[in-house]
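Undergrad: need coordinates for the below:
(2 chains)
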Amino acid sequence: NAGVTQTPKFQVLKTGQSMTLQCAQDMNHEYMSWYRQDPGMGLRLIHYSVGAGITDQGEVPNGYNVSRSTTEDFPLRLLSAAPSQTSVYFCASSLAGATNTGELFFGEGSRLTVL
Amino acid sequence: GENVEQHPSTLSVQEGDSAVIKCTYSDSASNYFPWYKQELGKRPQLIIDIRSNVGEKKDQRIAVTLNKTAKHFSLHITETQPEDSAVYFCAARGYSTLTFGKGTMLLVSP
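TA: Numbers count the residues shown, from 1 in each chain, chains lettered A, B, ... in the order given. A predicted model of the protein is given here:
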């Protein structure tokens, strides 16, 4: 199993550009999520999904869009990039369902810089 | 929503000493409390977790304790080694999402 795969690993954007961070998992996990990590701020939840066709907002959803058309894929779209979106982004998935506990498996991260 | 506070933000110890990191949470419905270790430039990885029906759990040199009444949980690392140097995150799961603390940078000096 490859686990959770994120692409790209690094990206530089100009303000106003749009882009999509890709995330795929091959563990048949129902739960998938996107976090951003900023110095001193920990990991903050952007969006999450408890199954195909279902998405919901996390703590910091503004400026981001997600969709979940398949169990495997959970792309994160930046609609109009802003310097405040410069961060490291982690995709993570879990075997457990919405109301259960379960280990969260993280991708390697995507470092995004917005100029 | 859930709010997780983590202290200290930085912890420096000598090799062989013990290290303790403390977290508090706000949502009494939270029932799962994992700890993640993140080495520099790497992804967070689970090192230990505890569920709300358990007060303490140990795995070799690491242990976690949970006080549900006080909404506190702590990570204890004994006999620290230089390879324990990393950022540690506590987290709490409520209804469906995992909320993380801001992290503790642990530095273990030889």
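
Undergrad: list the buried residues of stretch A:67-75.
TA: By 16 or more other CB atoms under 10 Å in any protein chain shown, the buried positions in stretch A:67-75 come out as A:67, A:68, A:71, A:72, A:74, A:75. Where you see a C-beta, it was placed from the backbone N, CA and C, and this is true even at glycine.

Undergrad: what residues does it touch?
TA: Contacts to stretch A:67-75, defined as CB atoms under 8 Å, 6 or more residues apart in numbering or on different chains, come from residues A:20-26, A:28-30, A:32-34, A:49, A:51-55, A:66, A:77, A:91, A:93.

Undergrad: among the buried residues of stretch A:67-75, which lie within strands?
TA: Nothing among these maps onto strands, per DSSP state E.

Undergrad: and which of those is nearest to residue B:75?
TA: residue A:74 (29.4 Å; CB to CB).

Undergrad: what parts of chain B come near chain A?
TA: Chain B comes close to chain A at residues B:1, B:6, B:9, B:31-32, B:34, B:36, B:42-46, B:49, B:51, B:89, B:93, B:95-103, as judged by CB under 8 Å from any CB of the partner chain.

Undergrad: distance between the ends of stretch B:19-32?
TA: End-to-end span of stretch B:19-32 (CA to CA, to the nearest Å): 22 Å.

Undergrad: hmm, who's touching it?
TA: Applying CB under 8 Å, 6+ apart, the contact partners of stretch B:19-32 are A:101-102, B:1-8, B:11, B:13, B:33, B:49-52, B:68, B:70-77, B:80, B:84, B:88, B:90, B:92-95, B:98-99, B:101, B:104, B:106, B:108.

Undergrad: that stretch: which residues count as buried?
TA: For stretch B:19-32, the neighbour count (16+ other CB under 10 Å) marks B:19, B:20, B:21, B:22, B:23, B:24, B:25, B:27, B:30, B:31, B:32 as buried.

Undergrad: stretch A:80-88 now?
TA: Using 16+ other CB under 10 Å as the burial criterion, the residues of stretch A:80-88 that qualify are A:81, A:85, A:86, A:87, A:88.

Undergrad: enumerate every residue touching the fourth one.
TA: If I follow you right, that is residue A:87. Contacts of residue A:87 (CB under 8 Å, 6+ apart): A:36, A:37, A:38, A:112.

Undergrad: change it to 10 Å
TA: Residue A:87 is in contact with A:35-39, A:41, A:44, A:46, A:60, A:109-114, counting by CB atoms under 10 Å, 6 or more residues apart in numbering or on different chains.

Undergrad: over to the last one?
TA: By CB under 10 Å, 6+ apart, the residues touching residue A:88 are A:35, A:36, A:37, A:38, A:39, A:43, A:109, A:110, A:111, A:112, B:41, B:43.

Undergrad: can you rerun that using 7 Å?
TA: Going by CB atoms under 7 Å, 6 or more residues apart in numbering or on different chains, residue A:88 touches A:37, A:109, A:111.

Undergrad: reformat the buried residues of stretch A:80-88 as TSV; add pLDDT and secondary structure.
TA: Shown next, in TSV, are the buried residues of stretch A:80-88 (pLDDT from 0 to 100; DSSP: H, G, I helix; E, B strand; the rest coil):
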residue	pLDDT	secondary structure
A:81	96	coil
A:85	97	helix
A:86	97	coil
A:87	98	strand
A:88	98	strand
